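Q: fold the following.
(one chain, ligands or ions: 1)
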Amino acid sequence: MEPVFQTVEVEEITECYRIVKRLGQGAYGQVLLAQDKLTGKPFALKLVRKDRTKLKSFLMELSLSISLSEHPGFITTYPIFTHTMDYYAMTQELATAGTLHHLIQAEVGLSEEMVKRCAVQISSALDYMHHKGLVHRDLKPDNVLLMDRDCHHIVLGDFGLTQPVGSFVISMSHIIPYMSPELCDISDEEYLVLHPSVDTWAFGVLLFVTLTGYYPWRRAFSDDIMYLDYVYWLDNLSYIPPPARWDQFSPSAATMLRNLLVPDQSCRHSVLSVLNYINFPWKTDVSGGNPWEAESPVDCDSDSQPIDQEDTTSNHGMEADNPIIIIKEEDAMLTLGLEVEIS
Ligand SMILES: Nc1ncnc2c1ncn2[C@@H]1O[C@H](COP(=O)(O)OP(=O)(O)OP(=O)(O)O)[C@@H](O)[C@H]1O
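A: Here you go, the predicted model:
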């Protein structure tokens, strides 16, 4: 990839920027609200520690972020690479309303209208990436940045894990609820050939979370009872009621989600398939009869393998709730008036 940015080398980041506060903290660095010392313009400054990140990886993320900026569904990243003694830094447009994660109310979620607005914008952004041959790989509410609190304009950020379709992916050190079954299932000696359907799965989980305020499961793996309940339901749709929380969705929304959350990745529908359901209600109409009658199975090409089914009979029925946990570390820091330390 050709470098498309200007390089700035300074001893300390505060030589160029005035740090206002911390916006977020990641595994490899932090994101700060900063102001350009010359123009006073505010922006987000993403700092990554040099001792935890390879220069090549950082430049790859920077280049990808800059090139995706041309689409309105992605955060604008400015073509500047700053490095100090300890950090690599990139500058981005400020998402003034925070992230989707901050907005979701645990055990409640968001209004259907807002979720639909998000669904349209996220599906368009993901479809754009997929057509460029890229997989985001880290779609979750923390990486959906908001330009307004009503979600009329939202964008995707954080391309630290983004890779081309067909890349080899090794097992991750930790598993999160947004990871697809094939990602959760990579053993230490194996790798997965990356496909856009991992984003489709994460998108399905994100819609579930935003509509309910609950995770559907902790991880899409055979040791998770809620995931096993879901898989068991898929195989017995006509005979058993939906697992907990799924009864909050209208049959249309449940079909939409099941088509995204197909355990067999080759049967997952595209992210744009959600648009077919936009004009239908997504939450259950409690005044009606049983909306769960006459369910049809998940669509799957006739060539595709059937869903891998374990005997989960004994696991049927929920034992644990999974409300989402909202950590507002930066809010707490602000309330306490703590300084953001930065060299
Ligand atoms: N452009 C931005 N405007 C406002 N806030 C931002 C912006 N970019 C990131 N943030 C905040 O910083 C947090 C971390 O950002 P980001 O995910 O890019 O960093 P990261 O180090 O890759 O994090 P992680 O390791 O969790 O993936 C976001 O969840 C968000 O709260």
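
Q: enumerate the residues of the stretch 151-300 of the chain near the ligand.
A: Within the stretch 151-300 of the chain, the residues that sit near the ligand (Cβ under 6 Å from any ligand atom) are 157, 158, 160. Glycine gets a C-beta too; all of them are placed from N, C-alpha and C.

Q: what's the closest of the residues you listed to the ligand?
A: Closest approach to the ligand among those (Cβ to the nearest ligand atom): residue 158, at 3.5 Å.

Q: three-state assignment of that closest one?
A: Under DSSP: H, G, I helix; E, B strand; the rest coil, residue 158 falls in the coil class.

Q: show me the contacts for it.
A: Residue 158 sits next to 26, 138, 142, 143 when contact means Cβ atoms under 8 Å, 6 or more residues apart in numbering.

Q: looking at the third one now. What's its pLDDT?
A: The one in question is residue 142. What the model reports for residue 142 is a pLDDT of 96.

Q: measure the closest residue to it other than its chain neighbours to the ligand for me?
A: Once flanking residues are discounted, residue 142 sits nearest to residue 101: 4.4 Å by Cβ to Cβ, 6 or more residues apart in numbering. Residue 101 is 7 Å from the ligand, where distance means Cβ to the nearest ligand atom, to the nearest Å.

Q: go on, residue 80?
A: 14 Å.

Q: count of residues packed around that residue?
A: 15 (other Cβ atoms under 10 Å).

Q: and it, what pLDDT?
A: 96.

Q: tell me the secondary structure for it?
A: strand.

Q: so what's it up against?
A: The contact partners of residue 80, by Cβ under 8 Å, 6+ apart, come to 5, 6, 7, 8, 90, 91.

Q: quick check: the two most widely separated of those?
A: 7 and 91 (12.8 Å; Cβ to Cβ).

Q: what's the helix or strand for the residue located most distally from the centre of the chain?
A: When distances to the mean C-alpha position of the chain are computed (Cα atoms, centre = their mean), the maximum falls on residue 38, with 34.9 Å. Residue 38 belongs to no helix or strand when elements are defined using DSSP states H and E.

Q: hey, where'd the helices end up in the stretch 101-250 of the chain?
A: Using DSSP state H, counting those that start in this stretch, the helices of the stretch 101-250 of the chain run over residues 112-131, 181-184, 197-212, 225-235.

Q: output the ones you listed in TSV, with distance to residue 66, mean neighbour count and mean pLDDT appended to each entry.
A: TSV is the format used below for these (distance: least, Cβ to Cβ, whole Å; neighbours: other Cβ atoms under 10 Å; pLDDT from 0 to 100):
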stretch	distance to residue 66	mean neighbour count	mean pLDDT
helix 112-131	14	19	98
helix 181-184	27	20	97
helix 197-212	20	25	98
helix 225-235	37	20	97
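
Q: could you export those as CSV, including distance to residue 280?
A: What follows is those, written out as CSV (distance: least, Cβ to Cβ, whole Å):
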stretch, distance to residue 280
helix 112-131, 10
helix 181-184, 27
helix 197-212, 13
helix 225-235, 21
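
Q: so for residue 34, which of these sits nearest?
A: helix 112-131 (25.1 Å).

Q: helices or strands up against the closest one?
A: strand 154-156, helix 197-212 (3 or more Cβ pairs under 8 Å, 6 or more residues apart in numbering; DSSP states H and E).

Q: can we see that at 10 Å?
A: Helix 112-131 sits against helix 55-68, helix 100-103, strand 134-135, strand 144-146, strand 154-156, helix 197-212, helix 251-260, with contacts defined as 3 or more Cβ pairs under 10 Å, 6 or more residues apart in numbering; DSSP states H and E.

Q: let me have the ones you listed in a markdown table, extended by distance to residue 82.
A: Below are the helices and strands packed on helix 112-131 laid out as a markdown table (distance: least, Cβ to Cβ, whole Å):
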| stretch | distance to residue 82 |
| --- | --- |
| helix 55-68 | 10 |
| helix 100-103 | 27 |
| strand 134-135 | 25 |
| strand 144-146 | 21 |
| strand 154-156 | 22 |
| helix 197-212 | 30 |
| helix 251-260 | 38 |
